[in-house]
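Participant: everything below, folded, please.
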Amino acid sequence: MSARHADRADRGAPVARPTAWLFDMDDTLHDASWRVFPRMNAEMSAYIQRHLGVDASRADELRLQFWRRYGATLLGLMHEHGVRAEHFLAETHRFSDLARLLRADAGQRAALRRLPGRKYVLTNAPRAYALRVLGAFGMLREFDGVIAIEDMLQFGQLRPKPDARMLRHVLRRLGLRAAQCVLVEDTLGHLRTARALGLRGVWFTRYAQRAARRQSAPALHPQLRRRHGRPCYVSARTASLWHLPRLVRPGARR
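Facilitator: Below is the predicted model of the structure:
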């Protein structure tokens with residue numbers, strides 16, 4: 001079955017037509033859980049081993065601990081160990097064999113081209129890595145801009161998703177109001193913050209569902225266990241970018 005017709009998951013109420021779409025990248029525009037995330041986790045753990053002088057088991061524990069406490073392993077390393085963001089990002093996102101790690105469903109680029117409105121990538125990944133990924137899939141030309149983690153520095157503090165201050169800053173920079181925007185994202189915590197600011201959110205579940213099946217384990221989030229489940233702060237849920245125009249209809253109530 002093609003991505004265009006796959007998964008008739010709960011789409012929720014129609015979202016008012018936006019002026020702009022903000023797209024997460026990893027596990028939204030491509031299947032990062034397939035090979036990129038396992039490799040990235042290994043690189044982060046190796047970095048922690050090298051720079052904190054711990055063994056592999058402790059490095060894995062710290063990586064997860066920082067991610068849970070701060071929302072990103074990098075933030076934990078910065079706050080607790082004074083690690084420089086640019087150094088960490090450069091060492092953990094090099095991927096000399098990146099092309100071998102990448103996979104996305106056929107038709108993703110065509111689905112983006114069909115979507116009306118301005119389109120931006122909003123990713124916690126470093127810019128060099130993001131540009132390589134988007135370039136590999138021929139998606140760069142479909143976007144009006146890429147907002148990477150380097151663009152999320154405010155007053156000397158790194159504020160990646162889901163930081164509300166960063167999201168407000170991004171909207172001001174783009175000249176947009178929250179009500180004009182839809183965030184398409186696989187991470188519910190990011191969608192929750194966006195909704196609190198007035199953005200609409202589409203929860204993209206395709207690659208998370210696929211990862212859960214690959215691992216022969218419970219779904220990565222309890223909501224994924226229910227075909228039609230979605231939190232109240234999510235305007236719609238879908239497993240295909242082709243569904244996005246159907247979720248956004250002229251005249252829909254905000």
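
Participant: the helices in the stretch 101-250 of the chain, which residues?
Facilitator: Assigned by DSSP state H, counting those that start in this stretch, the helices in the stretch 101-250 of the chain fall at 108-114, 127-136, 164-174, 188-196, 206-214, 244-247.

Participant: pick out the shakiest of the ones you listed, pLDDT-wise.
Facilitator: Lowest mean pLDDT within those: helix 206-214, a mean of 79.

Participant: quick one: it to helix 188-196, angle?
Facilitator: Interaxial angle, helix 206-214 versus helix 188-196 (axes from the mean of the first three to the mean of the last three Cα atoms, to 10 degrees): 160 degrees.

Participant: could you list every helix and strand in contact with helix 206-214?
Facilitator: Applying 3 or more Cβ pairs under 8 Å, 6 or more residues apart in numbering; DSSP states H and E, we find helix 206-214 packed against no helix or strand. From N, CA and C alone the C-beta is placed, and that goes for glycine too.

Participant: where does the stretch 1-150 of the chain dip in pLDDT?
Facilitator: Residue ranges of the stretch 1-150 of the chain with pLDDT under 70: 1-17.

Participant: hmm, back to that, out of the helices of the stretch 101-250 of the chain, which is closest to residue 47?
Facilitator: helix 127-136 (14.7 Å; Cβ to Cβ).

Participant: what's in contact with that closest one?
Facilitator: 25-26, 29-30, 89, 93, 95, 98-99, 102, 121, 123, 125, 140, 143, 146, 148-151 (Cβ atoms under 8 Å, 6 or more residues apart in numbering).

Participant: any buried residues in it, and which?
Facilitator: 127, 129-130, 132-134 (16 or more other Cβ atoms under 10 Å).

Participant: which of these lies closest to residue 54?
Facilitator: For those, the nearest to residue 54 is residue 129 (25.3 Å; Cβ to Cβ).
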